[in-house]
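Trainee: Make a model of this:
(4 chains)
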There are 2 protein chains.
Amino acid sequence: MDARGRTLAARQCITVMDTRSRDWLEEIGVKQDRITIDDIAAAAGVSVASVSRSLRDLPGVGPQTRQRIIDIADELGYELHPQASSLASGRTSTVGVAAPLFGTWFPSRALGGVHSVLAEAGYDLLVFMMSTPADRRRFLREARSFCRRVDGLILIDVFASSDGDSADAFFNRPVVAVGERLDGAASLAVDNRLAARRAVEHLIDLGHERIGIITAPERAELSMSTSGLRRLGYDDALGDAGLDINPSLVAAGDGSIASGIEAMSRLLAVPGPPTGVFCMSDEMAFGALRAAQNAGVPVPDALSVVGFDDHDFAEALGLTTMRQSVSEMGMTAARKMLKLIAGSEPLSELTWDVPLVIRQTTAARG
Amino acid sequence: MDARGRTLAARQCITVMDTRSRDWLEEIGVKQDRITIDDIAAAAGVSVASVSRSLRDLPGVGPQTRQRIIDIADELGYELHPQASSLASGRTSTVGVAAPLFGTWFPSRALGGVHSVLAEAGYDLLVFMMSTPADRRRFLREARSFCRRVDGLILIDVFASSDGDSADAFFNRPVVAVGERLDGAASLAVDNRLAARRAVEHLIDLGHERIGIITAPERAELSMSTSGLRRLGYDDALGDAGLDINPSLVAAGDGSIASGIEAMSRLLAVPGPPTGVFCMSDEMAFGALRAAQNAGVPVPDALSVVGFDDHDFAEALGLTTMRQSVSEMGMTAARKMLKLIAGSEPLSELTWDVPLVIRQTTAARG
DNA sequence: CTGAAAGCGCTAACAG
DNA sequence: CTGTTAGCGCTTTCAG
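Mentor: Residues are numbered from 1 along each chain as shown, chains lettered A, B, ... in the order given. Purely as a prediction, here's the structure:
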């Protein structure tokens, strides 16, 4: 350790220990920068085994001995060395979270939920972001070594092809998937088809008959992606109501506001324009709202819009939408992970409810 | 290892090894689940030291020996045990990122930038989220043990009081702060005062004289927070232009869209309402835009609005704003961290430029 | 209830 | 260029 490091370590001690304990440390011959379990054992006059047991609330230590050890460790500012502990025990006290893109609403929100419960349980979070296809390949390549660093893996909104091993076999760790079902993983998924159907039925109930849809992109890798399922829900609702599916009322977006603006503009330009529109994401719905405004089409008087997500902005903008409660999904996923790690539960597939939240962008057909 | 674990490990091997290598493994007596450096050494007929050197591109191994070792490791699907490596070397190949709230735009975006460069450099990311004051306390309490798990710490948008140790001394690791200056840390900060001044000057240049401001909350802990500095910039601009600072044109928001709506509504109700408004965040600006729309005040004809952030939505909504390029800030911070870890650079304070981006919500006073 | 001792898998001197 | 060896700091049988 260089001079600078030494100084820093010394300063740090000042924060942690009072004068008495520092003197004491020297008295008992501890001069190192880093306090180890041996120091505590020496200071307490016991073996390292007893220290380890005491500090981890394991049985096999007398009450007064234990308390003394804890007090001393406290006073000396002892801190467990995570890597050493992990090497010896095989546990890591860390869970991995892989998600497509943290700069994006859904995964960020979910990550927040996951973190809040895991932090409380004393787990750290190792993150792996997959924005690009290259990242996805990298993940597959590095996944196994990544997984050695964690006790479990939470996959947010990531698809894993099921050819070959199931998820827990491949990663050799318990895994919980949020947003999608996954073979060999506990999952927390949304019934996208049903939810979309409900959204469109809301429009139908309001008396709308020319109902458009702004779609999100398909994922080529998957036979039935979120987008595809939501599209089926749209078809279901229209079909059940005896309404035709009009291809000119289907506009493709890419998930962004800008694409929502563009798609809505196209829809508004159709000969018989829709009086109601279902958007596969709130962001596109925001765009749709803006396009309507630009075109002078009053919402909800001349146009009803329903979104999907319940994005943070949805309430303020009065958007009627399907609520995903992503943060809560994250928390639930984290709790499930904790149980899986403890080995106290089997895998399970939970379908997350997506209620309709009616606000100000939908109204009965004028 | 229980039966289930054993099975999984076996299945996993199938993915990684072809038949030949599996037979070979048994031949040379390897029967464990986890392949260690010793197995590679045995298989290659060399010492573990040579394996370690070869795999880490360290000098001191003959070219053909090295290649043979690499091939064998590859064939056997050898994977470094991170904790063991870390325990022995003292390095962790991980950097910590602490931020207030990942569900929020600024930190999420920054995290994305940080991750992209760190991932490429082979570092993992350990995250620590501080949404609540309780989280902040927890961070201070656990920071030192958290830091043992990382080679460096990136603080996004977190304030640390400077009483007591400087940052690198306290954490005993290199730290880079993004968003704020911090004693003992490299920093990447924005000149909030100057940027706000520029925003308001833009309005002044456009001929506006009654210029309102929608403020973000102060942080009680700090004498001069982001919000306070931006307010000073507003005062600077008005002062220099010889315009009065009218307290009734100052409306407080909390950063949210909803608060922006409310604040703008208040401003619009003032006897001499502003013709231009500077919002301390884009989100509040979105709210302001909506309030104007609700009130039938055309933007930018009767009201100019300038925000601060260049939020993802700003472009689509045509908002004139001060661009922070948060993702790039994150990338720059990460690169700086890499250099600090390598020990090749001193701390530095970089002031990040915040250019004005003129879009459609500002225009000359009509 | 307590201690001794054998590792966990890898790195890094130090010899040869 | 290569091998030997002594740890890194903690956990966990196994004895006592």
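Trainee: in chain A, which helix or strand is least confident?
Mentor: Within chain A, no helix or strand scores below helix A:3-16, which has a mean of 25 by mean pLDDT, DSSP states H and E.
Trainee: Now the one helix or strand residue A:42 maps to: buried residues?
Mentor: For residue A:42, the element it lies in under DSSP states H and E is helix A:37-44. Judged by neighbour count (16 or more other CB atoms under 10 Å in any protein chain shown), helix A:37-44 contains these buried residues: A:37, A:39-44. Every residue, glycine included, has its C-beta placed from N, CA and C.
Trainee: ok, is it in contact with chain B or not?
Mentor: No. Helix A:37-44 does not reach chain B (CB under 8 Å from any CB of the partner chain); its nearest approach is 13.5 Å.
Trainee: so, in contact with DNA strand D or not, that helix?
Mentor: Yes. Contact of helix A:37-44 with DNA strand D is found when judged by CB under 7 Å from any atom of the strand, involving A:37-38.
Trainee: CA-only coordinates of that helix in PDB, if you can.
Mentor: In PDB, the C-alpha atoms belonging to helix A:37-44 read as follows (Å, rounded to 0.1, in the frame of the first residue of the first chain):
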ATOM      1  CA  ILE A  37     -11.800 -11.500  12.000                       C
ATOM      2  CA  ASP A  38      -8.500 -12.600  13.600                       C
ATOM      3  CA  ASP A  39      -8.200  -9.200  15.200                       C
ATOM      4  CA  ILE A  40     -11.600  -9.500  16.700                       C
ATOM      5  CA  ALA A  41     -10.900 -13.000  17.900                       C
ATOM      6  CA  ALA A  42      -7.600 -11.900  19.500                       C
ATOM      7  CA  ALA A  43      -9.200  -8.900  21.100                       C
ATOM      8  CA  ALA A  44     -12.000 -10.900  22.600                       C
END
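Trainee: To which secondary structure element type does the residue most central in space within chain A belong?
Mentor: By CA atoms, centre = their mean, the mean C-alpha position of chain A lies nearest to residue A:110, the distance being 2.9 Å. With DSSP: H, G, I helix; E, B strand; the rest coil as the basis, residue A:110 sits in helix.
Trainee: so what's it scoring on pLDDT?
Mentor: pLDDT, residue A:110: 90.
Trainee: Roughly how far does residue A:49 sit from chain B?
Mentor: 19 Å (CB to the nearest CB, to the nearest Å).
Trainee: which stretch of helix or strand covers that residue?
Mentor: Counting by DSSP H and E, the secondary-structure element that holds residue A:49 is helix A:48-55.
Trainee: Helix A:48-55 and the next helix or strand after that helix, what's the angle between them?
Mentor: Scanning forward in sequence from helix A:48-55, with DSSP H and E defining helices and strands, the next element found is helix A:63-76. Relative orientation of helix A:63-76 and helix A:48-55, computed by axes from the mean of the first three to the mean of the last three CA atoms, to 10 degrees: 90 degrees.
Trainee: Could you confirm whether helix A:63-76 reaches DNA strand C?
Mentor: Yes. Contact between helix A:63-76 and DNA strand C, assessed by CB under 7 Å from any atom of the strand, occurs at A:65-66.
Trainee: Any buried residues in the helix holding residue A:49, and which?
Mentor: A:50-55.
Trainee: Switch those residues over to CSV; also include pLDDT.
Mentor: Supplementary listing: these in CSV, determined by pLDDT from 0 to 100:
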residue, pLDDT
A:50, 92
A:51, 93
A:52, 93
A:53, 93
A:54, 93
A:55, 92
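Trainee: ok, which of the residues you listed also contact DNA strand D?
Mentor: A:52-53, A:55.
Trainee: returning to what we had before: which of the buried residues of helix A:37-44 sits closest to chain B?
Mentor: Proximity of the buried residues of helix A:37-44 to chain B, judged by CB to the nearest CB, is greatest for residue A:37, which lies at 13.5 Å.
Trainee: Near the closest residue to DNA strand C within the stretch 201-350 of chain A, how many other residues are there?
Mentor: Minimum separation of the stretch 201-350 of chain A from DNA strand C (CB to the nearest atom of the strand) falls at residue A:341, amounting to 19.2 Å. Here the count is done by other CB atoms under 10 Å in any protein chain shown, and residue A:341 has 20 residues near it.
Trainee: And for residue A:94?
Mentor: Applying other CB under 10 Å, we find 20 residues neighbouring residue A:94.
Trainee: bridging residues for it?
Mentor: residue A:124 (DSSP bridges).
Trainee: ok, it touching residue A:153?
Mentor: No. Distance between residue A:94 and residue A:153: 10.4 Å, which falls outside the contact criterion (CB atoms under 8 Å).
Trainee: Touching, the residue nearest to the centre of chain A and residue A:158? I think so.
Mentor: No. Between residue A:110 and residue A:158 no contact is recorded; they are 11.3 Å apart, counting by CB under 8 Å.
Trainee: so what sits against both of those two?
Mentor: By the contact definition CB atoms under 8 Å, 6 or more residues apart in numbering or on different chains, residue A:110 and residue A:158 are jointly contacted by A:99, A:179.
Trainee: Just name the closest of the ones next to DNA strand D among the buried residues of helix A:48-55 to DNA strand C, please.
Mentor: Minimum distance to DNA strand C across those is 6.9 Å, recorded for residue A:53 (CB to the nearest atom of the strand).
Trainee: can you pull the contacts of that closest one?
Mentor: By CB under 8 Å, 6+ apart, residue A:53 lies in contact with A:59-61, A:66.
Trainee: Report the buried members of those residues.
Mentor: Buried positions within these, assessed by neighbour count (16+ other CB under 10 Å), are A:61, A:66.
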